[in-house]
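>>> Attaching a predicted model along with its sequence, questions to come.
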Amino acid sequence: MEKKEETKPLITVKKEPVRQERWYFGGLAGILAACCTHPLDTLKVQLQTQQRAEYGLVSMAAKVIRDDGFLALYNGLSASCLRQATYTTTRFAIYGSVRSLRPNSNLNFFEKISLAAVSGAVGAFVGAPADLVNVRMQNDPKLPKENRRNYKHAIDGLVRICREEGPKKLFNGASMAVIRGAFVTVGQIAFYEQVKQVLLASGYFQDNIITHFTSSFAAGAGATLLTMPLDVMKTRLMNAPPGTYNSILDCFKDIMKVGPAGLFKGFMPAFIRLGPHTILMFIFLEQLKKNFGYIKTDKK
């Protein structure tokens, strides 16, 4: 007698709904990343503000620790966190909000670049006061003790600048910060999204931490390449005593006295700082989105 073949019921796999990031996830991810990479940022600032290339990354780290102790590497951490809370929250919130207006949040590469540039410029303007305090606090250990500002924390720095130098001083170097903010956001957000999209479309990658790491590594490299000259000028402008430079062009001419290499002073520390920061920021962002994001039918 012929045995009937049993038919197994079809098992349908329920697809996990894609979660979206909330408007403040970018800032929160930036703060978490800044806490991890702040010592590298401090060293980058000190390398860029030295008049002659006396120290490298390792020797500068040794000098700071020897002169002021290990915790000096964390000078300005409160200002760095405040900067992420203002600058990074603003740029990610603008970018995400505008992108979500499109069906399926699809943008072409040119649209990503344009939106990232505008978001970064606005974010940099909002974050300029915290950025100024951040740079000053990081550079403080390098100054003679009698010339140090000794801000207790970011808020103390903001209050003292307003009281001692006037509110306008909070936006000293903001024009350069705005330009840099546009470029770094193009390098980070636009490049990250584009590389991630290409990797997922290839069929060889899935939406997991390997893809997030690869995309963010490429974004960090792109952002460093785009922003290095601007970063050097911005740091110089923010640290310069009043009256040193009349304009960005003035600052550019001064740096060019040592040749084009002056625009890339501290390139490796900048990449070492911006690369890990970008990688950590996007990995934190993706994890926040995966675990705490909202589904489009939900309320934000």
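Noted; the coordinates are in hand.

>>> Show me the helices in this structure, by range?
25-49, 57-68, 77-83, 89-99, 109-139, 154-165, 174-185, 191-202, 209-239, 248-255, 267-292 (DSSP state H).

>>> export those helices to a markdown table and tack on distance to residue 261, mean neighbour count and mean pLDDT?
(C-beta placed from N, C-alpha, C; glycine too.) What follows is the helices of the chain, written out as a markdown table (distance: least, Cβ to Cβ, whole Å; neighbours: other Cβ atoms under 10 Å; pLDDT from 0 to 100):
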| stretch | distance to residue 261 | mean neighbour count | mean pLDDT |
| --- | --- | --- | --- |
| helix 25-49 | 13 | 23 | 88 |
| helix 57-68 | 16 | 15 | 87 |
| helix 77-83 | 27 | 24 | 92 |
| helix 89-99 | 30 | 21 | 96 |
| helix 109-139 | 21 | 23 | 94 |
| helix 154-165 | 32 | 16 | 94 |
| helix 174-185 | 19 | 24 | 91 |
| helix 191-202 | 25 | 17 | 96 |
| helix 209-239 | 10 | 21 | 88 |
| helix 248-255 | 10 | 15 | 86 |
| helix 267-292 | 9 | 20 | 90 |
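
>>> Which of those helices sits closest to residue 147?
The closest of those to residue 147 is helix 109-139. By Cβ to Cβ, the value is 10.7 Å.

>>> Could you tell me how far the closest one lies from the centre of the chain?
8 Å (Cα atoms, centre = their mean, to the nearest Å).

>>> Then stretch 76-86?
11 Å.

>>> Next: stretch 167-176.
19 Å.

>>> who touches it?
124-125, 128-129, 131-132, 158, 161-162, 230, 233-234, 237-238, 248, 251 (Cβ atoms under 8 Å, 6 or more residues apart in numbering).

>>> May I have stretch 147-162 as PDB, with CA atoms only?
What follows is stretch 147-162, C-alpha atoms only, in PDB (Å, rounded to 0.1, in the frame of the first residue of the first chain):
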ATOM      1  CA  ASN A 147      47.300  82.700  31.800                       C
ATOM      2  CA  ARG A 148      45.000  79.700  32.300                       C
ATOM      3  CA  ARG A 149      41.300  80.400  32.300                       C
ATOM      4  CA  ASN A 150      40.500  77.600  34.700                       C
ATOM      5  CA  TYR A 151      36.800  77.200  33.800                       C
ATOM      6  CA  LYS A 152      35.200  74.900  36.400                       C
ATOM      7  CA  HIS A 153      32.800  73.400  33.800                       C
ATOM      8  CA  ALA A 154      31.000  74.300  30.600                       C
ATOM      9  CA  ILE A 155      28.300  76.500  32.200                       C
ATOM     10  CA  ASP A 156      31.000  78.300  34.200                       C
ATOM     11  CA  GLY A 157      32.800  78.900  30.900                       C
ATOM     12  CA  LEU A 158      29.800  80.300  29.200                       C
ATOM     13  CA  VAL A 159      28.900  82.600  32.100                       C
ATOM     14  CA  ARG A 160      32.500  83.900  32.400                       C
ATOM     15  CA  ILE A 161      32.800  84.600  28.700                       C
ATOM     16  CA  CYS A 162      29.600  86.600  28.700                       C
END
